[in-house]
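Peer 1: Just the structure for this:
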Amino acid sequence: MRPGHNELVEVLADARRTILIVEDDECCATTLEIGLLLVPGVDIRIVGSARDALDLLQSADVSILITDLRLPKTDGFELISRLRAGSRTKNLPIIVISADPNSDARSRALRLGANAYFGKPYSIVSLRHKVAQLLDSKTKTTSA
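Peer 2: Numbering: from 1, shown residues only. Just a heads-up that it's a prediction; the model follows:
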């Protein structure tokens, strides 16, 4: 028997995944949000600091975290380190987007546990593709 409309809506709502954007620059955060709205089945949350991200992650289920490296007080490197050390967040896919011109930033972020690194300016199409890829691999891992 096929599910009714209300049951189908509930199934789709349960399947939605959350992308958390950690970006203190409102313009950059909005640009990311608009670009990611085309990824099917996602909700997007935005916070402006690593501290806010860590607080939110204590109570919310997040499927992917996208962060800048230059954040107020606690930088993106420290955020990645803390996430990888946490039992609840150690496997959370992390994408870094940064304008840091230092070539060591990329290698350091990846060494700390980021799954991908995009330098600014970046291709939103490439970012969407990476997000979809990480969501797909996380879904396969979770259902296995």
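Peer 1: all contacts plus neighbour counts: C-alpha atoms, from now on.
Peer 2: Will do.
Peer 1: What are the boundaries of the helices in this structure?
Peer 2: For the chain, the helices defined by DSSP state H cover 5-15, 26-36, 50-57, 76-85, 103-112, 124-143.
Peer 1: okay, these in CSV with mean pLDDT and distance to residue 97 next?
Peer 2: Supplementary listing: these in CSV, determined by pLDDT from 0 to 100; distance: least, C-alpha to C-alpha, whole Å:
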stretch, mean pLDDT, distance to residue 97
helix 5-15, 46, 26
helix 26-36, 96, 10
helix 50-57, 97, 14
helix 76-85, 97, 10
helix 103-112, 93, 10
helix 124-143, 83, 9
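Peer 1: and among those helices, the most buried is which?
Peer 2: Ranked by mean neighbour count, these are led by helix 76-85 with a mean of 20 (mean count of other C-alpha atoms under 10 Å).
Peer 1: Only the C-alpha atoms, please, for that one, written as PDB.
Peer 2: Output of helix 76-85 as PDB, limited to C-alpha atoms (Å, rounded to 0.1, in the frame of the first residue of the first chain):
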ATOM      1  CA  GLY A  76      38.300  27.400  12.500                       C
ATOM      2  CA  PHE A  77      41.300  25.200  13.200                       C
ATOM      3  CA  GLU A  78      40.400  25.000  16.900                       C
ATOM      4  CA  LEU A  79      36.800  24.300  15.900                       C
ATOM      5  CA  ILE A  80      37.900  21.400  13.700                       C
ATOM      6  CA  SER A  81      40.100  20.000  16.500                       C
ATOM      7  CA  ARG A  82      37.300  20.200  19.100                       C
ATOM      8  CA  LEU A  83      34.900  18.500  16.700                       C
ATOM      9  CA  ARG A  84      37.200  15.700  16.000                       C
ATOM     10  CA  ALA A  85      37.900  15.200  19.700                       C
END
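Peer 1: and it, what other elements does it pack with?
Peer 2: On a contact count with 3 or more C-alpha pairs under 8 Å, 6 or more residues apart in numbering; DSSP states H and E, helix 76-85 meets helix 50-57, helix 103-112.
Peer 1: roughly how far apart are residue 68 and residue 58?
Peer 2: For residue 68, the distance to residue 58 (C-alpha to C-alpha, to the nearest Å) stands at 20 Å.
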